[in-house]
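Q: From the sequence below, what's the structure:
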Amino acid sequence: VYCGYGHGRTGTFVTAWQISPDGGNKLGEDQDTTNSRMSDNHVENKKQADAINKFIRRNTPTPAPTPAPTKAPTKAPTKAPTSDGGSCMSGNTGVKRLTENITIQDDGIYEIQKRNDESNDLNEEVVLVKYLNVGDTIVGIDKNHSVSSCNVEAVGSFGTGWMYGNYTEDHFIYDSVSNSITMHGASGILEEGARYDVLTSCPLGIDESGTAFTPIDSDFCGINESDMKWEDYVALHSAILAIVRESGGFWFSKDVYSDPKSMLEYAPVVCETMLKCARPEHDCEDFERAGTTFIDTFLTGEAKDKARTAFPALGRMKEKGSPSQTIILSDARNTPHRPHMTVIAILLSCCVVVALVVLSVSTYGKKRSNYKDFNSFSIKKDHGDLP
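A: The predicted model follows:
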């Protein structure tokens, strides 16, 4: 027992002893109880937690084999079983959260990295997506492809479903080779689990494996947008972010949709028209119509009231209080100012005037130099000054 050198290893030993028969317990307790023991005993990192779980598996008796069925088993599926949709990532996906203080609060935090972030002087801790809250700060990628600290703007739950690794097959992630947004695909172990969605102030979040994820999938933007240009995605993300900041993050929850399956059939229309509105041309007429239909048809009563309260001019393109104006104003705030040609012309004219004035003063100075001897004379007031 390493009592003199930190309680992490000691806590690992104590936890293993507690869950063993020598400690008065039986192996095979549920994972939540084991996680609680590790937290109470100050198990510090993932390696120590893995050692405990390995000890449990090694010492748990293998159950008797199930009798062979009398009927041939159903063939395992070659792709994820159908679900009720939703832009999804696993709730057990780890992301790096930035905090001022490192503490073990619950079993969601299973690894601690005590490293200062150079720009924010914060610490990093890996936390599961299902434990994120709006207002948290995680590591992501900004529109200039720089690693950045990103605010969590919305976190939503979409029930349970099948995922490959940490993502549904059609969830959009970033492909650095093509510099585009593409579907995750059927890569990884097929498992069923709790599905979540995360929107941050940055276009991309980064999970603990290094995958750069988005808050959308082909359910929202359609299969035709399985590969989306980076510039289009940044514009679309900015539009979604503007809508959420104006109205709230309730859009990222399965419970606000009265008919989720039918909603997913119409969602690609909203995505397509929103992207047209978010581009520099700001063609927003179709988006206002699609948005009105989406809100009135697919949102529950309470969610519909929230949307119409946030956007009293819903359906009226570019008017104050409309979704399209919210998107356009957000784009104006995020786009570097480019001087209008009229302004440039005025500035050039000013430069010419200034140059003429400087030239005149210089010539006048030379003439004044010819009259330097007059400075010693007494000039009568009624004569005025010399030229």
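Q: Can you classify the closest residue to V127 other than its chain neighbours by secondary structure?
A: Among residues not flanking V127 along the chain, R97 sits closest, at 4.6 Å (C-beta to C-beta, 6 or more residues apart in numbering). C-beta: built from backbone N, CA, C; applies to glycine. Here R97 is strand, with the state taken from DSSP: H, G, I helix; E, B strand; the rest coil.
Q: Is C271 in contact with C221, as I believe?
A: Yes - the pair formed by C271 and C221 meets the contact definition of C-beta atoms under 8 Å, at 4.0 Å.
Q: hang on, the earlier thing: pull the number of nearby residues for the residue nearest to V127.
A: 23 (other C-beta atoms under 10 Å).
Q: which residues does it contact?
A: Neighbouring residues of R97 by C-beta atoms under 8 Å, 6 or more residues apart in numbering: E124, E125, V126, V127, L132, D136, T137, I138.
Q: Which of these fall within strands?
A: When DSSP state E defines the strands, the subset of those inside them is E124, E125, V126, V127, T137, I138.
Q: out of these, who's nearest I56?
A: The shortest approach to I56 among the ones in strands among the contacts of R97 belongs to V126, at 21.8 Å (C-beta to C-beta).
Q: mind checking how far the closest one is from D142?
A: Taking C-beta to C-beta, to the nearest Å as the measure, V126 falls 21 Å from D142.
Q: do the same with V256
A: Taking C-beta to C-beta, one finds V256 at 29 Å from D142.
Q: which one of those two has more residues nearby?
A: Each of V256 and D142 has its neighbours counted (other C-beta under 10 Å); V256 has more, 20 against 15.
Q: Surely the more buried one and L299 touch.
A: Yes - between V256 and L299 there is a contact at 5.9 Å, judged by C-beta under 8 Å.
Q: which neighbours do C271 and C221 share?
A: By C-beta under 8 Å, 6+ apart, the residues touching both C271 and C221 are L236.
Q: So between these two, which is more surrounded?
A: C221 (26 against 22).
Q: what about the more buried one, distance to C88?
A: In this structure, C221 and C88 are 14 Å apart, going by C-beta to C-beta.
Q: Show me where the stretch 1-150 of the chain dips below the pLDDT cut-off.
A: Low-confidence segments of the stretch 1-150 of the chain (pLDDT under 70): 1-7, 21-32, 45-46, 57-87, 100-122.
Q: ok, back up a step: and of the contacts of R97, the nearest to Y196?
A: Closest approach between the contacts of R97 and Y196, by C-beta to C-beta: L132, at 8.2 Å.
Q: Hmm, that closest one is touching K96, no?
A: No - assessed by C-beta under 8 Å, L132 is found out of contact with K96, at 11.2 Å.
Q: So for the helix or strand hosting A242, what gets flagged as buried?
A: Following DSSP states H and E, one finds A242 within helix 230-247. Buried positions in helix 230-247, judged by neighbour count with 16 or more other C-beta atoms under 10 Å: 230, 232-247.
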